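Asks: Attaching a predicted model along with its sequence, questions to come.
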Amino acid sequence: MKWFLMLLIFVAGIYYLVNKNKNEIQQQEAAQQVKQELLKAAAADPELPNKTEKAYMMRFSMQTLKTLRSLTYDPNEKVRFAAIELLWQLQDDQTPSIIKHMLQEETDAGVKKNIFEMLSRDKTKLSLALLAEALNDYDKDTRIKVVEAISTFSNKEAIVVLNKALEDYDEDVRLKAVESVNRIRKDIEANKEQTLREMQAPKPIFRIQ
C-alpha cells in the first residue's frame with residue numbers, strides 16, 4: 001500500500017510538471033503571436049482621419065454661419081482669414097468649398113500661407129485633399145509653400161499627393177517636393193522605430209501609483 005501511494009504521488013507529480021510545461025509553452029506561443037501582430041500593426045502606415053475629432057462643439061445659428069461665410073470676402077485680409085479659420089474649426093459643411101474658392105481667388109499671399117498652415121495642423125484626409133488642390137496654383141512660391149505644408153503630414157498618403165509636385169514644370173518646386181518626400185520618409189521610419197522600441201521595452205511587473 002505504501003509503495004502504491006508513493007507511485008501514485010510520483011505519477012501525479014509527473015502529470016503536474018508535464019501540464020505546467022505545456023501551459024507555459026502555450027502562453028509563450030500566445031505572447032509571441034500577440035507580439036507579431038503588434039509588430040505588423042506598427043509596420044502598417046496609419047490612415048489619415050476624415051475629420052478632426054472635437055470633444056465639444058458649440059452650436060452657432062444659421063444667421064451667424066451665413067455672416068461668417070460672407071466675411072471670407074471682406075476687404076480686410078485679417079478678417080477674411082479669421083472668418084475662414086473659425087468656420088474650419090466649426091467644421092461647417094460649406095467650408096471646404098469656400099476654402100477652394102479662396103485658394104483660387106485670394107490675392108494676398110499671407111492669407112494663403114495662413115490657410116496652408118491651418119490645413120496642415122489638422123492632418124486629415126480633407127485637409128490633405130484641399131492642399132492637393134492648391135498644388136494647381138499658378139504662382140511658384142505658393143506651390144512651394146503648399147509642398148512645405150504637405151511635408152508635415154508624415155504619412156504615405158502625403159507622398160502620393162506630392163507626385164504632382166515631383167512632376168512640376170518648375171525646378172524649384174520639384175526640388176522642394178523631393179526634399180519633402182525624403183522628410184516624410186524619415187518621419188515615417190522614425191515613428192515606426194519609436195513604436196517598436198516602446199513595444200519591445202520590458203514592462204514593469206509592479207507599478208507604484
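Replies: Looks like it arrived, so ask away. Keep in mind that what you see is a predicted model, and the values were worked out from it rather than measured.

Asks: so where is the protein shaky, pLDDT-wise?
Replies: Confidence mapping of the chain against pLDDT under 70 gives the ranges 1-46, 51-58, 195, 198-209.

Asks: and if we set it to 50?
Replies: Counting by pLDDT under 50, the chain has low-confidence residues at 31, 34, 38-39, 41-43.

Asks: in it, which spans are helices?
Replies: Per DSSP state H, the chain carries helices over the ranges 2-43, 62-71, 77-90, 95-105, 109-122, 125-134, 140-150, 156-161, 163-166, 171-200.

Asks: what's in contact with the second one?
Replies: Read it as helix 62-71. 60, 79-80, 82-83, 86-87, 90, 92, 94, 98 (CB atoms under 8 Å, 6 or more residues apart in numbering). Where you see a C-beta, it was placed from the backbone N, CA and C, and this is true even at glycine.

Asks: Recalculate using a threshold of 7 Å.
Replies: Contacts made with helix 62-71 from outside it, assessed by CB atoms under 7 Å, 6 or more residues apart in numbering, are listed as 79-80, 83, 86-87, 92, 94, 98.

Asks: Now do the contacts for I144.
Replies: The neighbours of I144, taking CB under 7 Å, 6+ apart as the test, are 172-173, 176.

Asks: rerun at 6 Å
Replies: For I144, the contacting residues are 173, 176, by CB atoms under 6 Å, 6 or more residues apart in numbering.

Asks: same deal with I150?
Replies: I150 makes contacts with 131, 158, 161-162, as judged by CB under 6 Å, 6+ apart.

Asks: JSON lines for those residues, including distance to T107?
Replies: Listed next are the contacts of I150 as JSON lines, based on distance: CB to CB, whole Å:
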{"residue": "L131", "distance to T107": "19"}
{"residue": "A158", "distance to T107": "28"}
{"residue": "V161", "distance to T107": "25"}
{"residue": "L162", "distance to T107": "26"}
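
Asks: For L48, grab phi and psi.
Replies: In terms of degrees, to the nearest 10, the main-chain angles of L48 are phi -70, psi 140.

Asks: what's the burial count for it?
Replies: By other CB atoms under 10 Å, the residues close to L48 number 18.

Asks: Look up how far D93 lies from it.
Replies: L48 sits 20 Å away from D93, taking CB to CB, to the nearest Å as the criterion.

Asks: cool, Q104 as well?
Replies: Where D93 is concerned, Q104 sits at a distance of 19 Å (CB to CB).

Asks: Neighbour count for the two, which is higher?
Replies: Q104 (12 against 9).

Asks: mind listing what I98 touches?
Replies: The contact partners of I98, by CB under 6 Å, 6+ apart, come to T72.

Asks: what about 8 Å?
Replies: I98 sits in contact with 69, 72, 84, 87, where contact means CB under 8 Å, 6+ apart.

Asks: How many neighbouring residues does R183 have?
Replies: Neighbours of R183 (other CB under 10 Å): 16.

Asks: is it true that it touches V147?
Replies: No. Assessed by CB atoms under 8 Å, R183 is found out of contact with V147, at 10.3 Å.

Asks: okay, among the contacts of helix 62-71, which ones form the most distant pair?
Replies: For the contacts of helix 62-71, the farthest-apart pair by CB to CB is V79 and Q94; their separation is 17.8 Å.
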